[in-house]
Structure formats: C-alpha cells, structure tokens
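Participant: Let's see this in three dimensions:
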Amino acid sequence: MNEMDDYINIDLSDFTYGFKYEIEYFSEYLKFNEGKVDEWKRQLNEKLEVDKKKAPGCEKGLEEIYRIDDLKLPSYFYHSTIVTLYSILESKLNEICRIIKQKTELVVDLKDMAGTNIIEKARKYLIFFAEVDFEIKQNDWKRITDFQKLRNIIIHHNFLSEEVINEDKKISKAIELFNSIEYLESSNEFFVKDLSIPEEFLLLIKNFILELVKQINERKFPIHKKVDKPKDFDDLPF
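Facilitator: Numbering: from 1, shown residues only. From the prediction side, this is the model:
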C-alpha cells in the first residue's frame with residue numbers, strides 16, 4: 001500500500017447505539033411474549049384438569065392431546081423468533097459492510113463476494129477488507145452456523161418424516177445440536193420447547209457483533225481511489 005494513501009478511522013458509534021437499543025428492545029419482546037406463553041400454558045392445564053374430571057378413564061388420551069397443544073403454540077413463537085434473530089444478524093452484518101464500503105470508497109460490494117448466504121459473504125468481506133480476526137470468536141462463529149442450520153430447517157421443513165430424518169443426516173444432526181427440541185413421532189413434527197434457544201441466539205449475536213465493532217474501531221482504513229471494477233473481477237477468488 002502506498003505510504004501517501006490517506007487513512008481513516010471508521011466511526012461505528014451510531015451503529016453501536018442503534019444495535020444495542022435493538023437488542024435490548026428484542027430482549028424485552030422475548031420477556032413480554034414469554035409471559036403470554038406462560039399464561040396460556042396455565043390456562044391449558046386448567047382446561048386439561050376440567051376435561052379429565054368430565055371424562056374419567058380418558059386421562060392418558062387427553063394428556064396426549066393437550067401435550068401436543070402445549071408444544072405447538074409456544075413453538076410458533078420460538079420458531080419465528082429464531083428466524084427473526086437470524087434476519088437481524090444478516091441485517092447488521094450487511095450494514096457494517098456497507099459502512100466500510102462507503103467510508104473507504106471501496107469498489108467491492110458485499111454482493112460481489114462468493115457465497116450462498118449473507119453471513120458467509122460478510123465473513124469473507126470483513127476478513128479481506130477489514131482484516132477482522134474471526135479466530136477470536138471462532139466458537140461463536142461455529143455456533144452461529146449451528147443456528148443457521150436450525151433456521152434453515154424451520155423455514156424449509158414444516159415437518160420431519162422418519163424418511164427425512166433417516167435420509168438427511170444434516171437435518172437430524174442440526175437438531176441434535178440443541179437440547180430444547182422435541183421430535184413428535186405421531187405427527188412427524190419438531191418443536192423448540194422453550195425460550196433457552198432464542199435467548200442463547202440473542203446473546204450470541206450481541207457478543208459477536210460487538211466484537212466485530214471493537215476490532216473495526218481499533219484499526220485505520222485506507223481510502224481507496226474510485227476505479228472501475230476490473231474486467232476479470234468475477235474471477236477473483238473470494
């Protein structure tokens with residue numbers, strides 16, 4: 001790099017403030033809705049006891065019916081929360097890369113990176129153009145990819161038949177990465193059972209993004225001359 005190149009610090013204070021506010025807001029959202037789930041479960045248990053008194057001898061059948069209800073409705077909240085959190089992660093990584101591109105006048109955009117998803121493209125972008133050391137948060141990154149697998153299963157598989165479970169080892173492996181997931185053989189569905197998984201994902205995203213911000217704040221970036229993309233740009237190895 002030319003010694004005459006101009007260097008700048010990239011100020012991410014506005015980004016950090018907005019990010020922390022969004023994380024805090026989402027944390028309150030989880031607590032609020034978990035309270036609603038707890039109240040719904042309480043009412044469901046009361047209904048179960050009433051029905052058991054009305055139909056003595058049918059306790060086991062009623063308990064199975066109510067158990068399915070007890071899994072299904074809360075899982076709608078937990079599943080959608082995981083998908084939303086993943087979208088927040090994508091959005092924040094995209095925003096960081098956009099700020100770096102804008103401030104340094106880079107010609108390369110996030111969409112120019114090789115990869116099948118935003119978080120993988122962002123990882124490459126930040127390694128190449130921000131010299132972010134992902135090894136510092138290697139365990140966090142590995143766990144993020146676990147959540148990515150779970151999110152993909154939630155989106156693309158409404159239920160998991162025995163055939164799918166047996167044939168697609170990636171799916172069954174992804175489910176095994178989390179403790180609070182139950183596979184219901186009677187309906188071939190899987191359910192996130194409690195808030196522990198979304199809460200883990202929220203904290204993971206918070207710590208991971210703040211580490212990226214810390215590293216970016218600690219270094220200087222060269223101002224790049226505005227030039228056209230090279231003709232062979234699409235053949236670059238990243």
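Participant: State the mean pLDDT of the top helix by length along the chain.
Facilitator: Secondary structure of the chain read by DSSP state H shows that its longest helix is helix 59-104. Averaging pLDDT along helix 59-104 gives 89.
Participant: Past it, which element shows up next along the chain?
Facilitator: Once the chain leaves helix 59-104, the next helix or strand it forms, by DSSP states H and E, is helix 118-130.
Participant: for the closest residue to residue 48 other than its chain neighbours, what are its contacts?
Facilitator: Using Cβ to Cβ, 6 or more residues apart in numbering and skipping the chain neighbours, the partner closest in space to residue 48 is residue 66 (4.5 Å). Quick note: C-beta positions are derived from backbone N, CA and C, even for glycine. Taking Cβ atoms under 8 Å, 6 or more residues apart in numbering, we find residue 66 in contact with 44-45, 47-48, 51.
Participant: Who wins on neighbours among those?
Facilitator: The most crowded member of the contacts of residue 66, judged by other Cβ atoms under 10 Å, is residue 48 (18 neighbours).
Participant: what about that one, helix or strand, and which?
Facilitator: Going by DSSP H and E, residue 48 is part of helix 13-54.
Participant: rounded to a whole number, what's the mean pLDDT of that helix?
Facilitator: The model assigns helix 13-54 a mean pLDDT of 90.
Participant: number of nearby residues for residue 59?
Facilitator: 13.
Participant: if I pick it, what's in contact with it?
Facilitator: Counted by Cβ under 8 Å, 6+ apart, residue 59 has contacts residue 52.
Participant: okay, which residue is most central for the protein?
Facilitator: With distances taken as Cα atoms, centre = their mean, residue 86 lies nearest the centre of the chain, 2.7 Å away.
Participant: who touches it in this structure?
Facilitator: Residue 86 neighbours (Cβ under 8 Å, 6+ apart): 147-148, 151, 201.
Participant: Just flag the most distant two among those residues.
Facilitator: By the measure Cβ to Cβ, 148 and 201 form the most distant pair in those, at 10.4 Å.
Participant: between those two, who's got more neighbours?
Facilitator: residue 201 (23 against 17).
Participant: Let me know whether that one touches residue 85 as I believe.
Facilitator: Yes: the pair formed by residue 201 and residue 85 meets the contact definition of Cβ atoms under 8 Å, at 4.9 Å.
Participant: could you point out which element follows the one helix or strand residue 198 maps to?
Facilitator: Residue 198 belongs to helix 196-217 when assigned by DSSP H and E. Where DSSP H and E defines the elements, the next helix or strand beyond helix 196-217 is strand 220-222.
Participant: List the buried residues for that next one?
Facilitator: Using 16 or more other Cβ atoms under 10 Å as the test for burial, strand 220-222 gives residue 221.
Participant: tell me what it is packed against?
Facilitator: Applying 3 or more Cβ pairs under 8 Å, 6 or more residues apart in numbering; DSSP states H and E, we find strand 220-222 packed against strand 7-9, helix 59-104.
Participant: Quick check: mean pLDDT of the first one?
Facilitator: Which is strand 7-9. On average, strand 7-9 scores 88.
Participant: quick one: strands adjacent to that strand?
Facilitator: In the sheet, strand 7-9 lines up against strand 220-222 (antiparallel) (DSSP bridges).
Participant: Show me what the helix holding residue 48 is packed against.
Facilitator: Looks like helix 13-54 contacts helix 59-104, helix 196-217 (3+ Cβ pairs under 8 Å, 6+ apart).
Participant: Tell me what angle it forms with helix 59-104.
Facilitator: Here helix 13-54 runs at 170 degrees with respect to helix 59-104, directions being taken by axes from the mean of the first three to the mean of the last three Cα atoms, to 10 degrees.
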